Structures are given as structure tokens and as C-alpha cells.
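>>> With the sequence up front, the predicted model follows.
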Amino acid sequence: MLMQSNNSFASKITLVLPLLIAWATLHSNPAGAAGWVPLANKAPDAIGVALLLSDGTVMCSDANSSSNTWYRLTPDAYGSYVNGSWSSLASANYGRALFAADVLPDGRVFVAGGEYGTGITNAEIYDPVADHWSVVDPPKSLFDPSKGDVFSDMISIVIPDGRVLMAPVGPRTYGGTLIYNPLSNVWTGGPTLTNGDYSQDECGWVNLSDGSILTVDGCAQTSQRYIPSLNQWIPDGNLPVFIWNTVGSGCEIGPALTLPDGEAFYAAGSGSNALYTPSGNSNPGTWRAGPVFPSHLEAADCPGAIMVNGKELLTAATNCFNGGCLYPWHYFEYDYTVGASGSLTEVAAPTVGVNSNFIIPWMLDLPDGSVLLSLSLKQLNVYQPVGSPMAAWKPVINSITPKDDGSFHLVGTGLNGVTEGANEGDDGQMASDYPLVRMTNNATGYVYYARTYNWSSTRIQTGTTPESTEFTVPTGLAPGSYSLVVVANGIASNPVTFYGPVWVDFTASCPAPLGFFICSIFGGGPFPTLAQGAAAVSSGGIIFVKPGSSTEAMPLTISTPMTIVAPLGPATIGQ
């Protein structure tokens, strides 16, 4: 881009735009009254695991293990999930229930295994942009079902470099694990478990602030951690209490999550909960007993979610065995700040969308600060906690830079939050420790989510270490002023002003005589001339120029502050 200008605010510039590069298509109130609110619209079918996509929508599995159907919950125009709408997604290649699931740093979704269904020996990736599933099974040299290898109800987690670490329940080698690189689509053998562990069946993994992964060994009182820098599992401390429920044929525990203070809380299948304090990357941590659930309640195969006020929402029941519990369910808030080990306070249970069937519930932190609850039914609820997040928990936006393909590069701190969000042990990983970008139109109040991708890390509690993400705004986002925030686990940053971008495409056509207004109806264009784009852009906004087959050179008087992004780089005018 060549620009000539004088020192006056209204500058006459000549733009020469060589169009040589590829075109990239752009595709709460938690502090109010606490309690349960049923979703206004029932899901098309009974809902199992819920995953938060990087565009702010919620991807949900059918609770029936024989079904390969998936659904999407989209918030309404004002960002309400309670009043959100349901739609169908592409069907997966396999049906599965109680399976490993992870949202990847590029925005896609990895799922594998399942305690039930046809996919217990298979892995898939879902692309939300293409609405397409792809099978990504490991090579038979690492994983061969004909030799007895199964994923079954294995656990998995995204480690800080973006790869997926997983522990098949039926590993080829004793204590064997696998690592999958979603960018290269390459599988490798992972490090062998320590402490004599055959597998991590029914275990819960915790993403600690130092990037290591903590687990309690199955049906034991020993623990171990995965150290990414060493690519190795190392023994850790011993628990003072037995946290496993042993009714039936196996051992079950509840959710395991990092608290805002950096400790890990394990909700026990036995009712005797435990706390872990890290001591350093290679040093064993310290375990101590946590508060005990009252009335002999247990959290076997129950979910938990860290809320925006720092408390954990938990479920417990009396009849838990073999991977589930019977009604009635009890709900608790765990407050780690009370006393030496925290306190459990029972709260009211939802009254809508409950029954006495044998079920497994699921939880998910939503971007509006509430917690979504699925009880494997069509009716879902959200829990709205009392209180606001501490200022230190908020993400911080340092800069937003436009790129010549129409996307934006955001740099800040705390973009992944202070906790992984929610999980249910090996049967459901509902993490939300990654950045979302939410924009509220300052004129209409309408809420939009950008699509984030290429997160620089999945580490939590990173303090002042810079992190980054790319994001693209929704297609047709109207020009105008927006309040933009980064959200991690329902906690939003302080807002910055953002302007909906305008597109110029010299090959576009806006039919006369109302062409300008017709193009404007579709948000920011595309407009066929820079003059029309300049007329549509908001003061302080951005024009992206689409590459075409020729150049445009013309005198143009611009009296509005703006940034024009073209193949030769951005030019900022009047700002």
C-alpha cells in the first residue's frame, strides 16, 4: 500500500493495492439471585456430554450410546443460554457414551473410546467450521483392536503444547499411554504409568498450574503426575483418606479440579474428599483430608464445576454403584476459603427436568458465568451462582491486531483462566480453560461470539505471562462499536472498544440504484469500491481489502479515522 497525505485531518491519499495473496473467507448475571433456571427450550433428545466450542456455542452428545447424533445449543441474540435454540450437527461415525473428549487449540474437537457404543476402539475429530467428522484412529503398530487394544472409557487431556495425552483402559503395554498431535495427525506412544498402574480406568486427571497432570491411582491411595518437560510420569504423595466407592464391580470417584488458589480438590466416591497442594514441578505435593459429605452421600461418577465466584458446584447421592447413581441427587457448593480444608454447603436441587432413573449428570461452565447441568434428559438447567470473580482472576487484553486475511491476533494475560472448568472423571472431560471472544453491540445490545483458534497454550494460572489467540468475527457482523471481552470459564476481562470490520472486494457487485444499502444489509459488505467501504466504516474502524485480479489507484478523500488492511500491510489514518 502506498499512501500520500498532508497534515490535515482530511487526507487525500492514493492507494495502489496489488492483490496477490489468497482470500480467506470469514466465516448474566452471576452476581444476581442464586439458583436453578430451566432452559426455555428442550433439546431434541436426551443430552449427555456438553462441550464449549470456541465460538461460544455448546456441542452436546446424544446420551444414548447407540446414537451418533450431536446437537448444538446457541445462545439467543442477547447471549442467553437459558433462551437459546437447538440445532443438529453432522452425525459422528460412531456412537459412544462415557468417552474421552477435548476441545483442541485449533477449535476442533477430539473424541475417542466410550464405555458403551460402537466407538470404543476408535477416535474422531469434529471440525465445527466444516461441520464434518473425520476418523483419526492410531496406527496398528501402536493400537490394534485385533490384539485386544481398547480405548473404552479412557481419560484424556490437552497438555500445554496442544497435544492430547490419553490412557487407554486396555493398553498394549502394561501402563501404556498414547499422545496424539492434532496438527500433524501423528500418534506416538506416551510415557508409561508409574506406581505399578496398569491403566487409569475410572481415574480423574487434574491440570495443575505448572502444566503437570495429577492423578490418583485406581482404587489406591497413591498418586502420580505427568511432567510435560520430561514426558514422564513420576510418583507423588500418598492420600490420607480412601476416596474410592467400591460398591459393585469397580472403583469410582467424582470430579477432580484445580481451585483458584492452585490446590486440587478430589470429590470422593467414598464421601471422604481430599485436597492436594503442589510443591514444585518435580517435588511431591502434600495431600490432606477435605470435608466429608454429610449423610453418607457419595460423589461416585458425579460432575463438578468451578464457578465464577471460586466455589465448586458438586453433586452427590446415596445409591452410587457401577458408574452412576440413583435419585435423589444432592447439590453442594464447596468453598475452599473457609477453615483449613474448606466447607460444603448443600443448596437446593433443580425441580424441573429430574426423574428417578439411573443416570449420570454432566456440568459445563458457560461463558455467561452460569453452569449448565444435563441429567441425561431433554430438559437442561443452568445454575446461577451468587458473587463475582476476584479481579485477579480476570483475563486481561493487551492488544488486538488485524491481519491481512481478515482475522485478528489478540495478546493478553490469564486467557485460559484459573481452572480447567468442569469434569466428571474419566467419563466426561468438559474443560473450558481457553479464551473466548464476546462482543456486545453498543447500540443494540446484541451479543456475538468470535471464533477463537490457535491458542498459544492451555496452561492455567499463568499470571503475567503473555498468551495469545487468533479470532475471526462472525460473517456479516455489522459495522459499529462493540464492547469486546475475553472470557475464560465464565470470567470476563474488562471490555475494550472494537469496531465491526468492513470488507472491500473490487470484484463484488452492489446492484444500482440501492447498491450501497443492499451491501450494508449484509453487515460490512463486501463493497466494490474503497470509497463505499470508507463511507460504511465506523469512526476508528477497520477496512479489509480482498485480493483480486487487478490494482486500484484513485484519489480518495478520507475524513474518518480508520485502519485499512491490504496485502502490503495496514495503514492507520487519522488516529
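Perfect, I can see it now. Residues are numbered from 1 along each chain as shown.
>>> Tell me which stretches of the stretch 301-450 of the chain form strands.
All strands of the stretch 301-450 of the chain, identified by DSSP state E, counting those that start in this stretch, fall at 304-306, 312-316, 330-335, 343-347, 362-365, 371-374, 381-384, 396-402, 408-413, 422-423, 436-441, 447-449.
>>> Quick check: buried residues in the fourth one?
So the one you mean is strand 343-347. Leu344 (16 or more other CB atoms under 10 Å). C-beta here means a position set from N, CA and C on the backbone, and glycine is covered the same way.
>>> Low-confidence regions, this protein specifically.
Where the chain drops to pLDDT under 70, the residues are 1-33, 248-249, 321-324, 356, 358, 511-524, 548-555, 567-569, 574-575.
>>> sorry, back to before: so which of the strands of the stretch 301-450 of the chain is the most packed in?
Per-stretch averages of neighbours, counted by mean count of other CB atoms under 10 Å, single out strand 304-306 among the strands of the stretch 301-450 of the chain, with a mean of 30.
>>> Spell out which residues sit in contact with Lys403, please.
His409, Glu470, Val565 (CB atoms under 8 Å, 6 or more residues apart in numbering).
>>> Confirm that the last one sits in a strand.
Yes. Secondary structure assignment (DSSP: H, G, I helix; E, B strand; the rest coil) places Val565 inside a strand.
>>> thinking again about what came up before, can I get the contacts of Lys403 in JSON lines with distance to Arg163?
Output for the contacts of Lys403, formatted as JSON lines (distance: CB to CB, whole Å):
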{"residue": "His409", "distance to Arg163": "23"}
{"residue": "Glu470", "distance to Arg163": "19"}
{"residue": "Val565", "distance to Arg163": "33"}
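>>> right, and the strands of the stretch 301-450 of the chain - which one's nearest Ser559?
Within these, the stretch nearest Ser559 is strand 396-402; the backing value is 21.1 Å (CB to CB).
>>> List the strands paired with the closest one, with their directions.
Its sheet considered, strand 396-402 pairs with strand 408-413 (antiparallel) by DSSP bridges.
>>> Centre of the chain to the strand it pairs with, how far?
Computed by CA atoms, centre = their mean, to the nearest Å, the chain-centroid distance of strand 408-413 equals 17 Å.
>>> try stretch 229-237
Taking mean C-alpha positions (CA atoms, centre = their mean), stretch 229-237 and its chain are 26 Å apart.
>>> before we move on, the earlier item: could you save the strands of the stretch 301-450 of the chain as CSV and add columns showing distance to Trp205?
Output for the strands of the stretch 301-450 of the chain, formatted as CSV (distance: least, CB to CB, whole Å):
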stretch, distance to Trp205
strand 304-306, 13
strand 312-316, 16
strand 330-335, 19
strand 343-347, 23
strand 362-365, 16
strand 371-374, 20
strand 381-384, 24
strand 396-402, 28
strand 408-413, 25
strand 422-423, 8
strand 436-441, 23
strand 447-449, 28
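>>> closest one to Asn41 among those strands?
Closest to Asn41 of those is strand 381-384 (CB to CB; 12.5 Å).
>>> Give me the domain ranges for the chain.
Following automatic domain parsing, the chain resolves into domains at 11-22+502-573, 35-391, 392-499.
>>> Point to the residue nearest the middle of this structure.
Against the mean C-alpha coordinate of the chain, by CA atoms, centre = their mean, the closest residue is Ser432 at 3.4 Å.
>>> Can you verify my assumption that that one contacts Asn489?
Yes. Between Ser432 and Asn489 there is a contact at 5.2 Å, judged by CB atoms under 8 Å.
>>> so what sits against both of the two?
Counting by CB under 8 Å, 6+ apart, the common neighbours of Ser432 and Asn489 are Asp365, Gly417, Gly421.
>>> I'd like those as CSV, with distance to Arg172 appended.
Formatted as CSV, the shared contacts of Ser432 and Asn489 follow (distance: CB to CB, whole Å):
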residue, distance to Arg172
Asp365, 35
Gly417, 35
Gly421, 32
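>>> Tell me the one of those nearest Tyr482?
Checking those against Tyr482 by CB to CB gives Gly417 as the nearest, at 22.3 Å.
>>> How about the contacts made by the residue nearest to the centre of the chain?
Neighbouring residues of Ser432 by CB under 8 Å, 6+ apart: Leu52, Val103, Leu364, Asp365, Gly417, Glu420, Gly421, Ala422, Ala488, Asn489, Gly490.
>>> how long is stretch 265-282 end to end?
20 Å (CA to CA, to the nearest Å).
>>> Hmm, I typed the wrong one, I wanted stretch 473-487.
Across stretch 473-487, the terminal residues are separated by 15 Å (CA to CA).
>>> Going by neighbour count, which residues of that stretch are buried?
For stretch 473-487, by 16+ other CB under 10 Å, it's 473-474, 477-487.
>>> Which two of these have the greatest separation?
Counting by CB to CB, the most remote pair of the buried residues of stretch 473-487 is Pro479 and Val487, 23.3 Å apart.
>>> Please report phi then psi for the closest residue to Val164 other than its chain neighbours.
Leaving aside its chain neighbours, Val164 sits nearest to Tyr180 (4.5 Å; criterion: CB to CB, 6 or more residues apart in numbering). Taking degrees, to the nearest 10, you get phi -120, psi 130 for the backbone angles of Tyr180.
>>> try Pro291
Main-chain torsions, Pro291, degrees, to the nearest 10: phi -70, psi 150.
>>> in the sheet, who's paired with the residue lying closest to it once chain neighbours are set aside?
Leaving aside its sequence neighbours, Pro291 sits nearest to Leu344 (CB to CB, 6+ apart; 4.9 Å). In this entry, Leu344 is beta-bridged to Tyr334, by DSSP bridges.
>>> contacting residues around Leu344?
Pro291, Phe293, Pro294, Leu314, Phe332, Glu333, Tyr334.
>>> Just send those residues back as TSV, with distance to Ser134 too.
Output for the contacts of Leu344, formatted as TSV (distance: CB to CB, whole Å):
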residue	distance to Ser134
Pro291	45
Phe293	42
Pro294	47
Leu314	36
Phe332	40
Glu333	40
Tyr334	39
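>>> if we can go back for a sec, quick check: the two most widely separated of the contacts of Ser432?
Val103 and Gly490 (15.2 Å).
>>> element containing Met61?
Slight slip there: residue 61 is Ser, not Met. Here Ser61 sits within strand 58-62, counting by DSSP states H and E.
>>> Direction included, what does that strand pair against?
Using DSSP bridges, the strands paired with strand 58-62 are strand 47-52 (antiparallel), strand 70-74 (antiparallel).
>>> Out of those, which is the most enclosed?
Most buried of the strands paired with strand 58-62 by mean neighbour count (mean count of other CB under 10 Å) is strand 47-52; its value is a mean of 25.
>>> Need the contact partners of that one.
Contact partners of strand 47-52, identified using CB under 8 Å, 6+ apart, comprise 58-63, 71, 73, 97, 99, 101, 103, 109, 360, 362, 364-367, 372, 374, 376-378, 380, 421, 428, 430, 432, 436.
>>> what about the nearest residue to Thr286 once chain neighbours are set aside, neighbour count?
Spatial nearest neighbour of Thr286, chain neighbours left out: Thr277 (4.6 Å); criterion: CB to CB, 6+ apart. By other CB atoms under 10 Å, 13 other residues sit near Thr277.
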